[in-house]
Every structure is written in C-alpha cells, then in structure tokens.
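J.: Here is my input; please provide its structure:
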Amino acid sequence: MPYESHPELSVVVPIYNEEGNVTPFLTALARQQGVRLEVILSDGASSDRSLPIAQQLRAGLPFPLIILEGTKGRGGQLNRGADSAHADTLLFLHIDSSFDDPLALRKALDSLHEAQDAGGRVAGRFALRFDFPDSIPLPYRFYGAKAALDRPGCTHGDQGFLIRRDFFAQVGPYDTSLPLMEDTFLAERVRREGRWLLLPAGITTSPRRFLSEGLLPRQALNAILMNLAHTGQLSLVRCLQTSYRSQDATARLKLAPVLKPLHRAIGELDEGERRSLWYRTGAYVRGNAWQIPFFLDVVTGGIREAGRGGRFLELYDRFLGRVIDNKAGDLGAALLTWLWFRLTLLAAP
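T.: You can find the predicted model right below:
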C-alpha cells in the first residue's frame, strides 16, 4: 500500500532491550488498515538485538520505520520520538501492546477528529485488556475496567495516548526529571487542560511485569508512588527509583526491603512535614476509596457500559463518598495507611 510523504499518524514507541517484542509488535502494526502511519522506535541504549532486528524488518513494512538512538529514560525517549514525528497526530504506545481490530487506528483517528470538531481540547486512550490465553483473572478484569473510567489516576500509558501535536505542545513534553510515572503526570495535565476520550477500539497489553514481580506487591508499590506524586513528594519518589526495574530485569518483588529507603527518607523529615505527609496521604487514600465498590461492581458483573460504574459505585458516590469526605475521613485513612506501612516493614527479614 503506497503512503504519502506526510502521514496521518506518528506512532512513538520507547524501547529498551525488547528483542523478543520488536518483531511481533511491528508485524501486528503492519496489519492496520485505512491509515497512513509512520512508526518511530525511540531506543534507550539497548544492549540486546532490538535495533538490528528492527533494521532487518524495515524494508518489508508497509509504513516508514524511524529508529532513534539515545540515552535511557522513558520521558526523554518519548520526547525525542515526538520531536522526530512528521504527522499532526501522535500515538504514544508501548511495545507490548497490540490491536485485535485491523481498523483500530482508523476508528481511533476518526473518533478523535469528531470529538475535536465538537469543540475543546481532547486526547484519546483505548479500552484496556490484558493478554491471557484463556479467561482473564478477576484482578486484571478490574484493572481493565478501571482504565476505562474518566477519573484521576485511572489513565496510564499502557492504554496508548492519542493526541494532536498542538495539544501535546500545550500539555507536554513528558517530564524528564521524573524517574517514572511520566505518563501518569501527562495524563493528569491532559485532564486539567482538556478531556480524555475513550476510543472505540480496544488495546491488548501484556501482564508480564505483574506476572514476573507479583500482582499485589507491584500494585501496592504503584499505589505508593502515585500517592507520593499526588502529594508533591517527588524527592521521596526518587528514593524509590531503584525499585522500578527495567522490564528485562524484573524478578519477584519483595515489598518490605523496597520500602526501607522510603521509611528512612520520611524519618529525615521534620515533625511538621511528616504530619503533613501522612495527612495528605490519608486524603489521597480516602479519595480513592471508590475503588472498593467499583471492584464489587466488577465481581458481580454490574458494569453495564465501559467507562461507567455499576450500582455499588453509584451508591458510594451518592452516599458513602460524601459521608467520609472530611477531616475525620482523611485522618482515619491516614491511620490505616500508617499501620499497613509499619506492618509491612516489620515483615522484612
């Protein structure tokens, strides 16, 4: 299929030691129809065969493949890819993602254009599904359903970010000072400056990190990192940077040893700062209590439409959420979180 020199869509993909995923990713993307695209692989100094494999595949692909080389760091890799893009619309994508629908990208672009014509700044993200050969385990069904919600903290890079270049110039670039979660920070800037659109097609992503590290410890650590970022404690986020290993180096995650540097860093704060940190943590945890009734909606099959909750979440938003939205609720959540943190540290060998 011939392509014009100016593509409709630039797909930006950061990679680091992904030799096992380059071929299936590019092969799957080559099956997309009805869209003129280019693919930009932004490498972070891979030491495996990721780049040679991509270069070997380049001639046989139905789209231009641009390979960028630079230093490791997801934020910088994404920004370099965006700077090198030729299209007016960007899609930031993970290399372990795929689309079952061969018209997924065509539908996504049409949906984004229609939303833009209706007015306002808008970016799109795909409905998320985890790649399991048989039925999807309950926790992963919950995370997939949660990703469809338009609530703070629910939008992440594994959903793919579809955004016009001019809007990205307004809310971007990705923050290279952050050791991680650069996608989450960008997602929240989009939410503040415009709105998120749930695109009509779905995206499938690999659960490989959760499977290798363990679902519960990884999600617990993610929640801690999200809380620290939300409360503005970026110095404490950086003290946990070593815990966020590259995908090629992941192994079973033991939470307690990882949290010890955070415990020491909190201990170095003065008393007022510690009290403020725990209170704001309580407010953050209380503000995310809606996930419990939403989980019940997923368990009971009460979600009737993607992007919406069921009866339990509706009741929570109408009644319980309002009851606990106060200082007492924040303090209670702070105490429970502090107790969990201390017990987790005590579990360390």
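
J.: give me the element the nearest residue to residue 325 once chain neighbours are set aside is part of.
T.: Leaving out its chain neighbours, the residue that sits closest to residue 325 by C-beta to C-beta, 6 or more residues apart in numbering is residue 286, at 7.4 Å. All C-beta atoms are positioned from the backbone trio N, CA, C, and that covers glycine. Assignment of secondary structure by DSSP states H and E places residue 286 within helix 271-287.

J.: list the helices and strands that helix packs on?
T.: helix 215-230, helix 327-346 (3 or more C-beta pairs under 8 Å, 6 or more residues apart in numbering; DSSP states H and E).

J.: Need the winner for burial among those.
T.: Highest mean neighbour count of the helices and strands packed on helix 271-287: helix 215-230, a mean of 18 (counted as mean count of other C-beta atoms under 10 Å).

J.: Past it, which element shows up next along the chain?
T.: Downstream of helix 215-230 (by DSSP H and E), the next one is helix 234-238.

J.: The helix holding residue 286 versus helix 327-346: what angle between them?
T.: 100 degrees (axes from the mean of the first three to the mean of the last three C-alpha atoms, to 10 degrees).

J.: contacts for helix 271-287?
T.: 227, 230-231, 233, 266, 269, 324-325, 329-338 (C-beta atoms under 8 Å, 6 or more residues apart in numbering).

J.: Please enumerate the strands of the protein.
T.: 9-15, 37-43, 65-69, 89-92, 97-98, 122-130, 161-164, 195-205 (DSSP state E).

J.: Mind giving me the packing neighbours of the third one?
T.: Going back to what we said before, that points to strand 65-69. Counting by 3+ C-beta pairs under 8 Å, 6+ apart, strand 65-69 packs on strand 37-43, helix 50-57, helix 74-84.

J.: that older thread, including distance to residue 147 and mean pLDDT, could the helices and strands packed on helix 271-287 go into JSON lines?
T.: Shown next, in JSON lines, are the helices and strands packed on helix 271-287 (distance: least, C-beta to C-beta, whole Å; pLDDT from 0 to 100):
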{"stretch": "helix 215-230", "distance to residue 147": "13", "mean pLDDT": "84"}
{"stretch": "helix 327-346", "distance to residue 147": "23", "mean pLDDT": "93"}
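
J.: Quick one: those helices as a markdown table, columns for distance to residue 254 too.
T.: Shown next, in a markdown table, are the helices and strands packed on helix 271-287 (distance: least, C-beta to C-beta, whole Å):
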| stretch | distance to residue 254 |
| --- | --- |
| helix 215-230 | 7 |
| helix 327-346 | 10 |
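
J.: Which of those helices sits closest to residue 132?
T.: helix 215-230 (12.6 Å; C-beta to C-beta).

J.: how far is that closest one from where the chain is centred?
T.: 12 Å (C-alpha atoms, centre = their mean, to the nearest Å).

J.: Break the protein into its domains for me.
T.: As assigned by automatic domain parsing, the chain contains the domains 9-206, 210-289+324-346.

J.: now do the same end-to-end measure for stretch 129-149.
T.: One end of stretch 129-149 sits 14 Å from the other (C-alpha to C-alpha, to the nearest Å).

J.: For it, buried residues please.
T.: 129-130, 136, 139-149 (16 or more other C-beta atoms under 10 Å).

J.: Equivalent analysis for stretch 39-55, please.
T.: Applying 16+ other C-beta under 10 Å to stretch 39-55 flags 39, 40, 41, 42, 43, 44, 46, 50, 51, 53, 54 as buried.
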